[in-house]
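In: The following comprises the amino acid sequence and a computationally predicted model.
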Amino acid sequence: DAGITQSPRHKVTETGTPVTLRCHQTENHRYMYWYRQDPGHGLRLIHYSYGVKDTDKGEVSDGYSVSRSKTEDFLLTLESATSSQTSVYFCAIAGTEKFYEQYFGPGTRLTVT
Amino acid sequence: DAKTTQPPSMDCAEGRAANLPCNHSTISGNEYVYWYRQIHSQGPQYIIHGLKNNETNEMASLIITEDRKSSTLILPHATLRDTAVYYCIVSSGGLTGKLIFGQGTTLQVKP
């Protein structure tokens, strides 16, 4: 299995609080992605990174920001969590030559009350 | 990236071949077809990809029509563990390596 971990795995937080999710990889892969998955919507891309300090928006980026200060870590921040951000969040990584072969982390279940 | 159309659900008998169709009629010349699957509550898993030739690996076969407007993923001998949501994705990838997942097909393998 690809070396990719997510933390925390579960989190319950209140509306209006900031939340940061961490994705950590040990594969030295170039590409990193954050997705959210909700019933009826499937998997949707939030933000992605194609190198250190190189990030861009995905389909559903409003309310989220990301940072990648080193290759192995990709952080997703909800500046002020809302109930609509209750979801399962997946991080994925991919190498330069095989960007299409994304390896996914175990997911973080976030509940905003 | 081209849009894909998949049936929302399919059933397959255990031990039989599962054939999952995907329509991508607006695919362009530099776009590949990728297949992923997601077993309940896990992250998606890459299965196979192709450009215009048929492809086979240890998990599945991918058949792409000559005009590239549709493709079929074949699981030759489906098992209960193949029950999952299967996603067909069309993308050129480019600099970003971005893939857009659609709704997919829920495959139920039955004993």
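Out: Happy to help now that I have it. Residues are numbered from 1 along each chain as shown, chains lettered A, B, ... in the order given.
In: what about the chain, any weak spots by pLDDT?
Out: In the absence of a named chain, this looks at chain A. For chain A, the stretches with pLDDT under 70 are A:1-2.
In: think we crossed wires, I meant chain B
Out: B:1-2, B:93-97.
In: can you rerun that using 90?
Out: Under the criterion pLDDT under 90, the flagged ranges of chain B are B:1-3, B:28-31, B:40-41, B:53, B:91-103.
In: Near chain A, which residues of it are found?
Out: B:32, B:34, B:36, B:38, B:41-46, B:49, B:87, B:91, B:93, B:95-104 (CB under 8 Å from any CB of the partner chain). Using the backbone N, CA and C atoms, a C-beta is placed for each residue, glycine as well.
In: Out of those residues, which end up buried?
Out: For the residues of chain B next to chain A, a neighbour count by 16 or more other CB atoms under 10 Å in any protein chain shown gives the buried set as B:32, B:34, B:36, B:38, B:43-46, B:49, B:87, B:91, B:93, B:96-102, B:104.
In: Please list the members of the residues of chain B next to chain A that lie in strands.
Out: Under the assignment DSSP state E, the residues of chain B next to chain A contribute B:32, B:34, B:36, B:38, B:45, B:46, B:49, B:87, B:91 to strands.
In: mind listing what the second one touches?
Out: In this structure, residue B:34 makes contact with A:100, B:46, B:48, B:49, B:88, B:89, B:90, B:91, B:99, judged by CB atoms under 8 Å, 6 or more residues apart in numbering or on different chains.
In: partner residues bridging it?
Out: residue B:49, residue B:89 (DSSP bridges).
In: quick one: contacts for residue B:19?
Out: Neighbour list for residue B:19: B:72, B:73, B:74 [criterion: CB under 8 Å, 6+ apart].
In: Any idea what it is bridged to?
Out: Beta-bridge pairing of residue B:19 under DSSP bridges involves residue B:74.
In: how close does residue B:25 sit to residue B:67?
Out: 9 Å (CB to CB, to the nearest Å).
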